[in-house]
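1. mind looking at a prediction? Sequence and model below.
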Amino acid sequence: MNANEQATDRILDDLRRVVDDAEGLMRETAGVAGERAADARARAAESLRQARERLATLEEELFSRARAAARDTDRYVRDNPWQSIGIAAGVGLLLGLLIGRR
C-alpha cells in the first residue's frame, strides 16, 4: 500500500469517526427542547446525511480503483510472465537482504 492509499484510508477512517461521533451527539441531545436545539439537530442531520453520501462515494471510488489496479496487474502478469517472475525474485531478494541485516 503506497502513501497515497494510506492517506486515503486515514481520511476515510476519520470521516467515519466524525459521522459516528455526530450521530452519538444527536442521540444524546434528542431530549433537549427548544427551537434553536431543533434547528441545530436538523442542520446536523442534513450534514450527516451529506457526509454519509460523500463517504459512500469515496469508498466506492476507492474500491473501483483497487479493482482496476488488480485487473491491470493480473493482465500484466499474464502478458509478461517471465518479467513478472524476475520482478518478484528481485523484490524477494531485496527483502531478504533487508531482513537479514537486522
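-> Thanks, I have the structure now. Residues are numbered from 1 along each chain as shown.
2. pLDDT below threshold where in the protein?
-> Filtered on pLDDT under 70, the chain yields the residue ranges 1-4, 32-33.
3. for the protein, just list every one of the helices.
-> 3-28, 35-79, 81-100 (DSSP state H).
4. which outside residues touch the shortest one?
-> I take that to be helix 81-100. Helix 81-100 is contacted by residues Tyr76, Val77 when judged by Cβ atoms under 8 Å, 6 or more residues apart in numbering. For every residue, glycine as well, the C-beta is placed using N, CA and C.
5. and the angle for it with helix 35-79?
-> Helix 81-100 runs at 120 degrees relative to helix 35-79, counting by axes from the mean of the first three to the mean of the last three Cα atoms, to 10 degrees.
6. how far is helix 81-100 from where the chain is centred?
-> 29 Å (Cα atoms, centre = their mean, to the nearest Å).
7. and the helices of the chain as a markdown table, adding mean neighbour count?
-> What follows is those, written out as a markdown table (neighbours: other Cβ atoms under 10 Å):
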| stretch | mean neighbour count |
| --- | --- |
| helix 3-28 | 12 |
| helix 35-79 | 12 |
| helix 81-100 | 10 |
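8. list the contacts of the nearest residue to Arg16 once chain neighbours are set aside.
-> Counting by Cβ to Cβ, 6 or more residues apart in numbering, Leu55 is the residue found nearest to Arg16 once chain neighbours are left out, at 6.6 Å. By Cβ under 8 Å, 6+ apart, the contact set of Leu55 is Leu12, Leu15, Arg16, Val19.
9. look up how far Arg41 lies from Leu55.
-> 20 Å (Cβ to Cβ, to the nearest Å).
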